[in-house]
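Asks: Pasting the sequence and the predicted model now:
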Amino acid sequence: MKQQAIIINFRLNAVTRATAAALVALCAVSAANAAEQFAVTGYSTGNTATAVTAGASPTQQITELYRDLLGRAPDAGGLAHWKRLMAGGMTIAQVEAAFKQTPEYIARNGNTGGNTGGGTVATPTTANNYYVAPNGSDTAAGTKAAPFKTLARAAKAAVKANTTVFVAPGTYDGGFKTTGNGTAAGRIYWVSTTKWGAKIVPPANSANKTAWDNRGNYVSIVGFEIDGSKIQKGTKWTLGIYTGGSYNVIEGNHVHHTANTIPCSSAGGSAIGVDSYYKGVMGDVIGNVVHDIGPAGCTYVQGIYHSTSGSIKNNVVYRVGSAAIHLWHDANNVKITNNTVSSSVFGIIVGGGDYYFTSAGANNVAVHNNIVYDNKYGISEQGKTGTGNTYKNNLVFKNPTYDWQLRNGLKHTGTISSDPLLAGYSRTAATPNFKPSNSSPVIGRGIATYAHPTDIDGKARNASTGFDIGAYQH
């Protein structure tokens with residue numbers, strides 16, 4: 001099918017992504033920043049885990065965590081994973097905090113993070129810290145004892161590198177803009193202290209079409225809920241989280257019910273947009289849940305829309321008016337791995353066109369380990385594409401118009417063409433269960449190349465039992 005002209009000219013500005021070593025959830029942090037941990041509700045503190053022998057080797061400490069927290073010996077893949085992160089600078093206290101985010105720990109010990117996916121997030125210490133809470137005041141100092149009330153007020157303060165903004169659970173007006181720039185050595189982190197606990201909703205009289213307009217570089221946005229379902233007055237949201245700059249991470253967010261009632265026009269929209277218009281590069285979209293986006297069948301509204309370099313990993317995307325995942329404009333060198341996409345018109349589109357700065361088309365794109373199930377179209381190349389794209393070990397099934405449409409003589413390999421046998425799949429359920437059942441053919445059928453080290457829940461992808469296809473590791 002010929003690509004529709006999806007000219008989503010998000011005239012916004014610059015933002016960012018980090019290398020895998022700088023991610024906020026289960027990733028390594030620099031040894032310098034790991035020296036201290038900020039004491040915040042829901043966050044790890046200190047450098048010594050409570051369940052280990054101080055001064056012991058990393059192997060012994062990790063083994064003790066497995067035994068004390070999970071009640072078992074470590075598997076080889078898990079042990080290697082955590083040792084690798086500690087070698088990169090992660091403290092044993094941060095490893096302990098990460099253990100307590102895992103479904104295995106929660107199932108064994110109870111979920112202390114609430115009913116929204118909960119858990120803790122380990123962040124590197126930053127020199128500048130601000131706090132936001134529903135009972136705060138925008139005339140306050142933004143400290144833990146005297147937090148700001150709105151994200152818009154915090155955005156005016158958080159303009160320096162090496163800054164973290166901690167946002168407490170509660171409901172906050174969207175339609176704000178963040179402009180501060182971090183650096184490679186000192187990012188700006190926006191973190192919901194409880195995953196999906198900080199909910200961003202349309203204000204009483206919306207003046208903007210974007211819930212969160214991020215114009216900074218080296219910025220991480222982690223763990224928020226963007227809920228566009230309760231529209232009030234003013235401009236309707238067409239965009240959830242937008243970034244237009246470089247080295248940005250959009251991770252662990254829940255974006256849903258945006259652009260549902262807008263007119264279907266080429267002005268377009270998306271739940272998460274990573275744009276090249278302002279020459280941004282290397283945008284990472286990791287571990288987000290995106291659903292119920294755009295008018296049904298509208299070819300101009302996308303789930304995750306990416307037009308530069310970077311990655312799209314571990315996301316669950318369903319019920320989108322057009323494409324669950326769409327590359328366009330100047331998209332190139334993008335790793336699309338371990339996503340689960342369903343119940344949309346298009347599953348994954350890889351293409352280039354309506355260029356801002358280049359004309360090479362989408363090239364050097366890796367599409368590996370994805371579940372593309374029960375859409376109208378499966379995985380397709382559209383517009384202009386190159387010969388360096390690879391399609392490996394995807395499950396592509398029940399996309400009735402076609403499962404595959406590749407160009408330039410490219411072939412997909414390792415494809416599974418059968419029902420993924422998900423634990424609780426439904427096209428209409430409010431919260432379908434996209435985890436693989438015990439009999440799912442995706443178990444152990446993925447490849448390690450470009451795979452994120454953990455799944456969407458922070459569970460290590462275990463090389464000893466095989467990498468699973470899709471957002472969840474069994």
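Replies: Perfect, thanks for sending it.
Asks: what about the stretch 101-250 of the chain, any weak spots by pLDDT?
Replies: 101-123 (pLDDT under 70).
Asks: And what about Tyr242, helix, strand or coil?
Replies: Three-state assignment for Tyr242 (DSSP: H, G, I helix; E, B strand; the rest coil): strand.
Asks: What's the separation between it and Ser206?
Replies: Separation of Tyr242 from Ser206 (C-beta to C-beta, to the nearest Å): 15 Å. Bear in mind the C-beta positions are built from the backbone N, C-alpha and C, glycine included.
Asks: of these two, who's got more company?
Replies: Comparing Tyr242 with Ser206 by other C-beta atoms under 10 Å, the one with more neighbours is Tyr242, at 28 against 20.
Asks: how about that one, what does it touch?
Replies: Residues near Tyr242 by C-beta atoms under 8 Å, 6 or more residues apart in numbering: Phe10, Leu12, Thr210, Trp212, Asp213, Asn214, Ser270, Ile272, Gly273, Asp275.
Asks: In the protein, which residue sits furthest out from the middle?
Replies: Largest separation from the mean C-alpha position in the chain: Gly55, at 34.9 Å (C-alpha atoms, centre = their mean).
Asks: and it, that one's in a helix?
Replies: No - in this structure, Gly55 is coil, not part of a helix, as judged by three-state DSSP.
Asks: ok, so what distance separates it from Gly245?
Replies: Look at Gly55 and Gly245: by C-beta to C-beta, they are 43 Å apart.
Asks: sorry, back to before: cross the contacts of Tyr242 against strands and list the overlap.
Replies: Of the contacts of Tyr242, the ones assigned to strands by DSSP state E are Thr210, Trp212, Asp213, Asn214, Ser270, Ile272, Gly273.
Asks: Neighbours of Arg84, how many?
Replies: Arg84 has 13 neighbouring residues, counting by other C-beta under 10 Å.
Asks: Ignore what I typed, I meant Ala145.
Replies: By other C-beta under 10 Å, the residues close to Ala145 number 7.
Asks: And Lys233, by the same measure?
Replies: 10.
Asks: So what sits opposite it in the bridge?
Replies: Asn205 (DSSP bridges).
Asks: do the same with Ile250
Replies: With DSSP bridges as the criterion, Ile250 is bridged to Ile221, Val285.
Asks: Helix or strand next in line after the longest helix along the chain, which one?
Replies: Determined from DSSP state H, the single longest helix within the chain is helix 76-87. Once the chain leaves helix 76-87, the next helix or strand it forms, by DSSP states H and E, is helix 92-99.
Asks: list the helices and strands that next one packs on?
Replies: Secondary-structure packing of helix 92-99 (3 or more C-beta pairs under 8 Å, 6 or more residues apart in numbering; DSSP states H and E): helix 58-65, helix 76-87.
Asks: In JSON lines, list these along with distance to Thr413 and mean pLDDT.
Replies: Converted to JSON lines, the helices and strands packed on helix 92-99 look like this (distance: least, C-beta to C-beta, whole Å; pLDDT from 0 to 100):
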{"stretch": "helix 58-65", "distance to Thr413": "35", "mean pLDDT": "85"}
{"stretch": "helix 76-87", "distance to Thr413": "24", "mean pLDDT": "84"}
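Asks: Now render those helices as CSV, adding distance to Pro147.
Replies: Converted to CSV, the helices and strands packed on helix 92-99 look like this (distance: least, C-beta to C-beta, whole Å):
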stretch, distance to Pro147
helix 58-65, 33
helix 76-87, 31
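Asks: and of these, who's closest to Pro436?
Replies: Closest to Pro436 of the helices and strands packed on helix 92-99 is helix 76-87 (C-beta to C-beta; 17.3 Å).
Asks: buried stuff in the closest one?
Replies: Gly77, Gly78, Leu79, Ala80, His81, Trp82, Lys83, Leu85, Met86 (16 or more other C-beta atoms under 10 Å).
Asks: List just the nearest of those residues to Val249.
Replies: Top of the list for closeness to Val249, among those and by C-beta to C-beta, is Leu85 at 16.6 Å.
Asks: Mean confidence (pLDDT) on the helix or strand where Lys435 lies, please.
Replies: Assessed by DSSP H and E, Lys435 sits inside strand 433-436. Across strand 433-436, pLDDT averages out at 97.
Asks: Run through the neighbouring helices and strands of that strand.
Replies: strand 422-424.
Asks: so how far is the strand it packs on from its chain's centroid?
Replies: On the basis of C-alpha atoms, centre = their mean, to the nearest Å, strand 422-424 sits 21 Å off its chain's mean C-alpha point.
Asks: That one pairs with which strands?
Replies: If you go by DSSP bridges, strand 422-424 pairs up with strand 433-436 (antiparallel).
Asks: Buried by neighbour count: which residues of the strand it pairs with qualify?
Replies: Phe434, Lys435, Pro436.
Asks: swap in stretch 189-200?
Replies: Buried residues in stretch 189-200, defined by neighbour count with 16+ other C-beta under 10 Å: Tyr189, Trp190, Val191, Ser192, Thr193, Thr194, Lys195, Trp196, Gly197, Ala198, Lys199, Ile200.
Asks: Same check on stretch 58-74?
Replies: Buried residues in stretch 58-74 (16+ other C-beta under 10 Å): Pro58, Gln61, Ile62, Thr63, Glu64, Leu65, Tyr66, Leu69, Leu70, Pro74.
Asks: Need the CA coordinates for it. CSV is fine.
Replies: In CSV, the C-alpha atoms belonging to stretch 58-74 read as follows (Å, rounded to 0.1, in the frame of the first residue of the first chain):
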residue,chain,number,x,y,z
PRO,A,58,29.9,-8.6,43.3
THR,A,59,29.2,-12.2,42.6
GLN,A,60,28.6,-13.0,46.3
GLN,A,61,26.5,-9.8,46.9
ILE,A,62,24.3,-10.5,43.9
THR,A,63,23.9,-14.2,45.0
GLU,A,64,22.9,-13.1,48.4
LEU,A,65,20.3,-10.7,46.9
TYR,A,66,18.8,-13.6,44.9
ARG,A,67,18.6,-15.8,48.0
ASP,A,68,17.3,-13.2,50.3
LEU,A,69,14.8,-11.4,48.0
LEU,A,70,13.8,-14.1,45.5
GLY,A,71,14.5,-17.2,47.6
ARG,A,72,16.6,-18.9,44.9
ALA,A,73,20.1,-19.1,43.5
PRO,A,74,20.9,-16.8,40.6
